[in-house]
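Chemist: Structure of the sequence below:
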Amino acid sequence: MNVKIINPFVEASMAVVQTVINVKPKLGKLSTRSEVFTSQSINVMIGLTGDAQGVILFSLGDEVAKHITSTMLGQEIKEFDQLALSAIAELGNMISGQSLMILSKSGAKCDITPPTVIQGKDIRASTLDVPSVVIPLTIEDIGLYEITVSIK
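Modeler: Numbering: from 1, shown residues only. Now for the predicted structure:
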């Protein structure tokens with residue numbers, strides 16, 4: 001996968017997470033996967049259309065998602081009700097939108113689909129043999145946030 005497509009997602013993920021929760025995440029080692037699957041219990045899937053096509057999957061564990069949504073909403077989140085799930089979906093929208101703004105500087109014209117929230121681990125999504133790049137972000141004292149980018 002082209003680094004010009006991955007770098008905007010790395011840059012936007014770092015910036016948006018830091019802005020939303022006021023903690024700078026630490027970028028882990030990027031890796032590849034042959035397929036897209038949910039690695040954590042709370043996941044947001046967003047499609048990408050236009051010059052680049054594919055899916056972006058944002059995966060968080062329960063505690064990481066509760067911390068982020070509590071910060072976003074300004075109240076303690078104990079359960080993932082519709083409001084909390086909506087906040088997590090919006091975080092995916094924010095990162096995807098900023099990524100596309102960065103991509104557009106190179107002339108790429110893309111759009112995103114509305115987010116789909118998926119609850120559960122090890123749920124597989126077919127990307128028809130398009131390899132995936134995993135961007136792991138560790139948020140100090142909170143946990144791991146993975147972004148899987150599968151774009152052709």
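
Chemist: so where does Ser70 fall, helix or strand?
Modeler: Ser70 belongs to helix 62-73 when assigned by DSSP states H and E.

Chemist: So for that helix, what gets flagged as buried?
Modeler: Neighbour counts over helix 62-73 (16 or more other CB atoms under 10 Å) mark 64-72 as buried. From N, CA and C alone the C-beta is placed, and that goes for glycine too.

Chemist: could you say what helices and strands that helix packs with?
Modeler: Judged by 3 or more CB pairs under 8 Å, 6 or more residues apart in numbering; DSSP states H and E, helix 62-73 is in contact with helix 3-21, helix 82-104, strand 143-151.

Chemist: Let's see that helix as PDB, backbone CA atoms only.
Modeler: C-alpha atoms of helix 62-73 as PDB (Å, rounded to 0.1, in the frame of the first residue of the first chain):
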ATOM      1  CA  ASP A  62     -14.100  -1.100  26.400                       C
ATOM      2  CA  GLU A  63     -12.000   0.900  28.900                       C
ATOM      3  CA  VAL A  64     -10.200   3.000  26.200                       C
ATOM      4  CA  ALA A  65     -13.600   3.700  24.500                       C
ATOM      5  CA  LYS A  66     -15.200   4.700  27.900                       C
ATOM      6  CA  HIS A  67     -12.300   7.000  28.700                       C
ATOM      7  CA  ILE A  68     -12.400   8.700  25.300                       C
ATOM      8  CA  THR A  69     -16.200   9.000  25.200                       C
ATOM      9  CA  SER A  70     -16.300  10.300  28.800                       C
ATOM     10  CA  THR A  71     -13.800  13.000  27.800                       C
ATOM     11  CA  MET A  72     -15.700  13.800  24.600                       C
ATOM     12  CA  LEU A  73     -19.100  14.100  26.300                       C
END
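
Chemist: ok now that helix, how far from the chain's centre?
Modeler: For helix 62-73, the separation from the chain centroid amounts to 14 Å (computed by CA atoms, centre = their mean, to the nearest Å).

Chemist: Repeat that for stretch 30-45.
Modeler: With CA atoms, centre = their mean, you get 9 Å for stretch 30-45.
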